[in-house]
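J.: any chance you could fold what I've pasted below:
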Amino acid sequence: MNKNWLIRNYEDGDEDKINTLLNFVYKINRSLSYWYWEFKGNPEGSKILLAVDESNIVGHLASLKRKIKIHESEILASLEVEGVTHPKYGRQGIFVTLGQKMLSESKKEGIDIVYGFPNENALPGHRKLKCFEIFSLHVMIRPVDFKKVSQKMFSNRILVFFANLAGRAAFKVFYRPKRPHYDDMVIKTITQFDSRTDDLWKEAQAAHDIILRRDSTYLNWRYTQCPEKHYKIFVAEKDNILLAWVVVRILEKFGLNNGAIVDLLASPNQKEAVHALILKAMEDLQQEGVDLMACSIPKSSDYYKILKKCGFITCPKNLNPKEEPFIIYPLSEELNLEFVKEPANWFITWGDTDVV
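T.: Modelled structure (predicted):
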């Protein structure tokens, strides 16, 4: 096929065709209201580039702008999402062309760093664009239905049988959740992040070298206003002061009914609050009948140690064979390249992606 397509910016009126393309490529049935939420509702704004052939949209790449704290400064970042090409236009360089233009225009618009979580189809294109692959997301799990998890991990029925028995015994004896000690702390669910979230953010950010902004405006857009995805929010408070919050969601992941701990944050020195919240989330997810509980958290985070106390283990490769890479494109010459390339400096959760 001849390369008759050209690249242009999104224009009002493109929404239906964009959504049709995304649904076709991803084999989903996402509503137009979800598209408006993701791209029109994003508090920091978004950018969309299209590959078009006459009146047909055949390629798409977007970015969602975010604020990110590095050291003591806050800079402008963007999350690259929804990079797709219509199958009939494959192997024509659309993805790379869109990526080159996105990076060029992002730099002109003052974006300091672009980041993303490409799937296995998109990763080769990002490598051609010379991305930096920082790490693969570290996933921790705690099985609930050991038989179903064993069946997902092994095809041999004898292995499933013994894995089921061994798993039950191991988690009962060696991975029993430890209980935190706390006084006068209240654990409850909320449906909206209030101004106390902003106070918590101001305190919590100091404990992280690189962290994406998690204020009430962003969190409400991401979790309470999102159509088609249902999130549940647990908070720990004392004397009406917000100490920590945790966001969970039930979805299919690893081919199982998965209870995901999507995001969490706490004021410094509030490990007991995080511990209590995770246990509350686990209890709630178990009552909802999930097969597995999971969380993506950096090993360098204090929260990783708390998840271990709650009986979470590193996800086995045969349960999650696909790597979930985190990549960056530093665009500002003022960035300390070695600092942003160091995996231990980043605090990244599933909530920082556009998938979970």
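J.: what helices and strands are in contact with the helix or strand hosting residue 306?
T.: Secondary structure from DSSP states H and E places residue 306 in helix 302-309. The helices and strands touching helix 302-309, judged by 3 or more Cβ pairs under 8 Å, 6 or more residues apart in numbering; DSSP states H and E, are strand 139-143, strand 256-266, helix 271-287. Where C-beta positions appear, they are placed from N, C-alpha and C, glycine not excepted.
J.: need these in a markdown table (columns: distance to residue 240 and mean neighbour count).
T.: A markdown table is the format used below for the helices and strands packed on helix 302-309 (distance: least, Cβ to Cβ, whole Å; neighbours: other Cβ atoms under 10 Å):
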| stretch | distance to residue 240 | mean neighbour count |
| --- | --- | --- |
| strand 139-143 | 32 | 23 |
| strand 256-266 | 16 | 24 |
| helix 271-287 | 14 | 20 |
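J.: what is whatever helix or strand comes next after the helix holding residue 306 packed up against?
T.: Counting by DSSP H and E, the next helix or strand C-terminal to helix 302-309 is strand 313-314. Contact here means 3+ Cβ pairs under 8 Å, 6+ apart; on that basis strand 313-314 packs against strand 139-143.
J.: neighbouring strands for the strand it packs on, and are they parallel or not?
T.: Next to strand 139-143 in the sheet, as set by DSSP bridges, lie strand 292-296 (antiparallel), strand 313-314 (antiparallel).
J.: and that strand with helix 271-287, angle?
T.: Counting by axes from the mean of the first three to the mean of the last three Cα atoms, to 10 degrees, strand 139-143 lies at 50 degrees to helix 271-287.
J.: for strand 139-143, give the mean pLDDT please.
T.: Rounded to a whole number, the mean pLDDT of strand 139-143 is 97.
J.: for residue 122, see how far away the residue lying closest to residue 50 once chain neighbours are set aside is.
T.: With Cβ to Cβ, 6 or more residues apart in numbering as the criterion, residue 50 has its nearest non-adjacent residue at 5.4 Å, and that residue is residue 57. Going from residue 57 to residue 122 by Cβ to Cβ, to the nearest Å gives 18 Å.
J.: now do residue 327
T.: In terms of Cβ to Cβ, residue 327 sits 10 Å off from residue 122.
J.: in the longest strand anywhere in the chain, which residues are buried?
T.: If you go by DSSP state E, the chain has its longest strand at strand 56-70. Buried residues in strand 56-70, counted by 16 or more other Cβ atoms under 10 Å: 57-66, 68-70.
J.: make CSV out of the residues you listed and add pLDDT and distance to residue 322.
T.: Converted to CSV, the buried residues of strand 56-70 look like this (pLDDT from 0 to 100; distance: Cβ to Cβ, whole Å):
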residue, pLDDT, distance to residue 322
57, 97, 28
58, 97, 26
59, 98, 24
60, 98, 22
61, 98, 21
62, 98, 22
63, 98, 23
64, 98, 23
65, 98, 27
66, 97, 25
68, 97, 26
69, 97, 30
70, 96, 29
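J.: circling back to that earlier point, ok now the longest strand of the chain, how far from the chain's centre?
T.: Taking Cα atoms, centre = their mean, to the nearest Å, the mean C-alpha location of strand 56-70 is offset from the chain mean by 15 Å.
J.: packing partners for it?
T.: Under the contact definition 3+ Cβ pairs under 8 Å, 6+ apart, strand 56-70 sits against helix 15-26, strand 46-53, strand 73-85, helix 94-108, strand 210-212.
J.: and the helices in the stretch 151-300 of the chain, which stretches?
T.: 157-173, 196-204, 216-219, 271-287 (DSSP state H, counting those that start in this stretch).
J.: and the residue nearest to residue 50, how far from residue 48?
T.: 10 Å.
J.: overlap of the contact sets of the two?
T.: Common contact partners of residue 57 and residue 48 (Cβ atoms under 8 Å, 6 or more residues apart in numbering): 14, 18.
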